[in-house]
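> Sequence first, then the predicted structure:
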Amino acid sequence: MKLGVCYYPEHWPEAMWAEDAKRMAEIGITQVRIGEFAWSRIEPTPGTFEWGWLDRAIESLHQNGLHIVLGTPTATPPKWLIDAHPDVLAVDAHGRPRHFGSRRHYCFSSLTYRAECARIVEVLARRYGNHPAIVAWQTDNEYGCHDTIISYSTSARAAFRVWLAAKYTKIEALNQAWGNVFWSMEYRSFEEIDPPVETVTEANPAHRQDWARFASDEVAAFDRVQTDILRAHSPGKDVLHNYMGMFTAFDHFKLGEQLDVAAWDSYPLGFLEQAWWPDATKERFLRQGHPDFTAFHHDLYRGVGRGRWQVIEQQPGPVNWAPWNPAPLPGMVRAWTWEALAHGAECVSYFRWRQAPFAQEQMHAGLLRPDSAEAEAAREARQVAAELQAVTGAITIQAPVALLFDYEAIWANQIQPQGRDYRGLELLIHFYSAARRLGLSVDVVHPSADLGGYQLILCPLQIFWPEGLSAKIKASGAACVLGPRAGSKTQDFQIPANLAPGLAQELIPLVVNRVESLRPGHVEQAGPYRVTRWLEHIQTDLVPEAKTASGHGIWYHADKVDYLACWPDAALLDAVLRRRCETLGIAALDLPDGLRLRQRGEFMFALNYEAEAVNLGDHVPEADRFDYVIGGPSLAAAGVAAWRIT
Ligand code: GAL
């Protein structure tokens, strides 16, 4: 477990670098990420490289014992490159090229740009690949940030046609799979197919789903150019990429397969402000962030990184990019840091070292103020650094609960929500919260993952039900909870011949006859449960565990499987999971919204997301007798405790 920081030596006079490095080390920081936007300084004009400054910046960090993650600068192609090769620019839905003057203006499918990236990455990797201070490479920066996965360029269109031809071989197969006989949408060759954009009304959902799959594959192919070069010239060093929160436009599991470490950028307050929660929730957690949102992403990226992950950008104070940007509660930066470590992070790295007084992010806090005095977060980072020895040797172990996460299902749900507020990510986090309220640790995994060893498997949004998944779940011996829409589409985006839940009928004998989505404010009462947004009409011989006043079953159970035929409220999810925990013999707690637990190896961590103190003993049996290594049973606002499990 270690602490890091993101640093931009090119933003500061060289005379400051040595002192900066010394102060980082003095705080307890051991990893520094640099370089990811520095192309215009590394190669100011085509083919002319200025290595001196970067050599000296790396040296000053190295001399202070700091390890370096070197970023490839491909998120920011410089002006000369764009002017020389305008085809590098991404193209928006109206056919307009994006403009130079910020970042991420490139198109993933541009072969010209891939060649330029290969060129700059190769010179960097050759120069620094075996430098003792470089421990890892970061490819690019936040693929997709600012909504940049999709580009309607001519290169993307050409690549899409090639991708489709490889997938379907014959155009007849594509017409069949997409159902193109509908509305005379049939094609005679792959060359006739365009991206699904600017159609009069919605484009064919199967066309859109394949476009989303294609765009996602393009990200991995783009990245692959860099990872191959880095592996050739910098053997033995980790390669990582920094993913984002609340971002699902490409398949992170697929990209993760070609990387060593998953990193992500955690900005709890900005995310809370941007997310779907009601104003009262946003107000309550204004300075803390949502208690499950950040943790969910930690568990997701642990899955994406196959166990190896870090937070490479951690919010240190107010950010600049949300509609409103409050300051964290005193102690919250420390709490976020400990939360990531509790979930298994190898490193938590603050963004950024010193607040920049110029350009786009001048209102974004750092560990230091622009005048180099310490900001609040520096003190909290120092405190964590001093506390780290208390939990050495904590190895993350498999959680009892697996939550299946499938990016393809999220796209399918966006393409055909059927009800405007059926938000996939929200439903996934809703299920996750229910498990966390019971005090359970959760692994977020891809449906192709090995499910052996889990006791409970949650499938909140498994719209495509892969062949073999039912058998794998049965073989695991785990109990399983299926959310609505499970198995409701074939891979071709069609209704399965045996109707929903399609192949999941191997797990539970029921059929979805009809679905209805419900406008905001409409509630179907089902005993103690409130059904909103979505209700399925089920045909089955099973007797429902709960039903609406109008007689529609909303919860069915058979053997080890539960099926929820509605958008469940928190009470229904609690009841289902609690019942399953009882039958499985898993001890379930009843935690208040702001109190969360997480196990890492032999240590259990507690985190208080409330703005008031919480007494652990009120919620966790025997809390007064634990062997605490951090804190104790009384948790202040933003408080952290950790104890050794006996
Ligand atoms: C991230 C990005 C950083 C910086 C930061 C500000 O999305 O990777 O470069 O912009 O946000 O919060």
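Everything's here; your move. Numbering: from 1, shown residues only.
> which other residues reach the longest strand along the chain?
As far as residue count goes, and with DSSP state E defining each element, the longest strand of the chain is strand 529-539. Residues outside strand 529-539 that contact it (CB atoms under 8 Å, 6 or more residues apart in numbering): 418-419, 421-422, 484-485, 500, 510-518, 520, 522-525, 544, 546, 548, 552-554, 556, 563, 565-569, 571-572, 575. In this view, the C-beta of every residue, glycine as well, is placed from N, C-alpha and C.
> and the next element down the chain from it?
Beyond strand 529-539 in the direction of the C-terminus, DSSP states H and E gives the next helix or strand as strand 546-547.
> who does that next one pair up with?
strand 553-558 (antiparallel) (DSSP bridges).
> Give the buried residues for the strand it pairs with.
Neighbour-count burial for strand 553-558, with 16 or more other CB atoms under 10 Å as criterion, is recorded at G553, I554, W555, Y556, H557.
> And stretch 217-234, by the same measure?
Buried-residue list, stretch 217-234, by 16+ other CB under 10 Å: 217-220, 222-223, 225-227, 229-231, 233-234.
> contacting residues for the closest residue to the ligand within the stretch 51-200 of the chain?
Sorted by distance to the ligand under CB to the nearest ligand atom, the residues of the stretch 51-200 of the chain start with E142, at 4.5 Å. Contacts were defined as CB under 8 Å, 6+ apart; by that measure E142 touches A75, R104, N242, Y243, M244, D265.
> picking that back up, I429: which of the buried residues of stretch 217-234 is nearest?
Nearest to I429 among the buried residues of stretch 217-234 is V219, at 23.3 Å by CB to CB.
> Confirm the closest one sits in a helix?
Yes: secondary structure assignment places V219 in a helix (DSSP: H, G, I helix; E, B strand; the rest coil).
> Give me the phi and psi for the closest residue to the ligand within the stretch 501-646 of the chain.
Scanning the stretch 501-646 of the chain for the residue nearest the ligand gives A638, at 20.3 Å (criterion: CB to the nearest ligand atom). Listed backbone geometry of A638 is phi 60, psi 20, with angles given as degrees, to the nearest 10.
> Measure how buried I312 is and give me the count.
I312 has 31 neighbouring residues, counting by other CB atoms under 10 Å.
> please renumber so the chain begins at 58
Happy to do that; since the first residue is 58 now, the last one works out to I369.
> residues in contact with the helix or strand hosting it?
I369 is part of strand 366-371 when elements are defined by DSSP H and E. The set of residues external to strand 366-371 that reach it, using CB under 8 Å, 6+ apart, is 61, 63, 90, 126, 195, 297, 299, 318-324, 355, 358-359, 390, 393-394, 397, 401-408.
> out of those, which are inside strands?
When strands are assigned by DSSP E, the members of the contacts of strand 366-371 inside them are 61, 63, 90, 126, 195, 297, 299, 318-323, 404-407.
> Shouldn't A434 be within a strand?
No: residue assignment for A434, taken from three-state DSSP, gives helix, which places it outside any strand.
> Could you show which parts of the stretch 208-357 of the chain are in contact with the ligand?
Taking CB under 6 Å from any ligand atom as the criterion, the stretch 208-357 of the chain approaches the ligand at residues D322, Y324.
> Most proximal residue of the stretch 208-357 of the chain with respect to the ligand?
Distance from the ligand to each residue of the stretch 208-357 of the chain (CB to the nearest ligand atom) is smallest for D322, at 5.0 Å.
> residue boundaries of the strands in the stretch 108-257 of the chain?
When secondary structure is read from DSSP state E, counting those that start in this stretch, the stretch 108-257 of the chain shows strands at 124-128, 191-195.
> For these, give me CSV that also has mean pLDDT, mean neighbour count and distance to V180.
Listed next are the strands of the stretch 108-257 of the chain as CSV, based on pLDDT from 0 to 100; neighbours: other CB atoms under 10 Å; distance: least, CB to CB, whole Å:
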stretch, mean pLDDT, mean neighbour count, distance to V180
strand 124-128, 98, 25, 12
strand 191-195, 98, 23, 13
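> any chance of these in TSV, with distance to P253 too?
Written out in TSV, the entries for the strands of the stretch 108-257 of the chain read as follows (distance: least, CB to CB, whole Å):
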stretch	distance to P253
strand 124-128	33
strand 191-195	32
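> Checking the nearest residue to G688 once chain neighbours are set aside next. Helix, strand or coil?
In space, and not counting its chain neighbours, G688 is closest to A698: 3.5 Å by CB to CB, 6 or more residues apart in numbering. Secondary structure of A698, reduced to three states by three-state DSSP: strand.
> again, but for D77
helix.
> Test my guess that it contacts L424.
No: contact status for D77 versus L424: not in contact, 10.4 Å apart, counting by CB atoms under 8 Å.
> between the two, who's got more neighbours?
Between D77 and L424, counted using other CB under 10 Å, L424 has the larger neighbour count: 29 against 22.
> sorry, back to before: what sits against the residue of the stretch 558-703 of the chain closest to the ligand?
Counting by CB under 8 Å, 6+ apart, A695 makes contact with Q345, P385, L386, P387, G388, M389, R391, A392, N665, Y666.
> please redo it, this time with the cut-off set to 7 Å
Under the criterion of CB atoms under 7 Å, 6 or more residues apart in numbering, the neighbours of A695 are Q345, L386, P387, G388, M389, A392, N665.
> so what pLDDT did it get?
We note a pLDDT of 98 for A695 in this prediction.
> and it, how far is that from D616?
When CB to CB, to the nearest Å is the yardstick, A695 and D616 sit 44 Å from each other.
> Most neighbours among the contacts of E199, please name it.
Looking at the contacts of E199 with neighbours defined as other CB under 10 Å, the largest count falls to N299 at 27 neighbours.
> Now do the contacts for the residue of the stretch 458-607 of the chain found nearest the ligand.
Of the residues in the stretch 458-607 of the chain, the one nearest the ligand is L482, at a distance of 17.6 Å by CB to the nearest ligand atom. Contacts here follow CB under 7 Å, 6+ apart; on that basis L482 touches M303, T305, I467.
> Which ones among those lie within helices?
Per DSSP state H, helices hold the following members of these: I467.
> In PyMOL, how would I select just the buried ones from the contacts of L482?
Selecting the buried subset of the contacts of L482 in PyMOL, with 16+ other CB under 10 Å as the burial test, is done by:
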select buried, resi 305+467
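> now the contacts of L482 in CSV, with pLDDT?
CSV is the format used below for the contacts of L482 (pLDDT from 0 to 100):
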residue, pLDDT
M303, 96
T305, 98
I467, 98
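> could the contacts of L482 go into CSV alongside distance to H142?
As requested, the contacts of L482 are exported to CSV (distance: CB to CB, whole Å):
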residue, distance to H142
M303, 32
T305, 30
I467, 33
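> Which phi and psi values does the spatially closest residue to A150 that is not a sequence neighbour adopt?
Of all residues beyond its chain neighbours, the one nearest A150 is V254 (5.2 Å), with distances taken as CB to CB, 6+ apart. Reported as degrees, to the nearest 10, the phi and psi values for V254 are phi -140, psi 150.
> Please report phi then psi for I99.
When quoted as degrees, to the nearest 10, the phi and psi of I99 stand at phi -80, psi -40.
> What of the one 5 residues further on?
Reported as degrees, to the nearest 10, the phi and psi values for G104 are phi 80, psi 0.
> Report the separation between it and the ligand.
In this structure, G104 and the ligand are 27 Å apart, going by CB to the nearest ligand atom, to the nearest Å.
> tally of neighbours for the closest residue to Q417 other than its chain neighbours?
Leaving out its chain neighbours, the residue that sits closest to Q417 by CB to CB, 6+ apart is S159, at 7.0 Å. A count of nearby residues for S159, using other CB under 10 Å, gives 11.
> Which stretches in the stretch 358-507 of the chain count as helices?
389-399, 433-444, 464-472, 481-494 (DSSP state H, counting those that start in this stretch).
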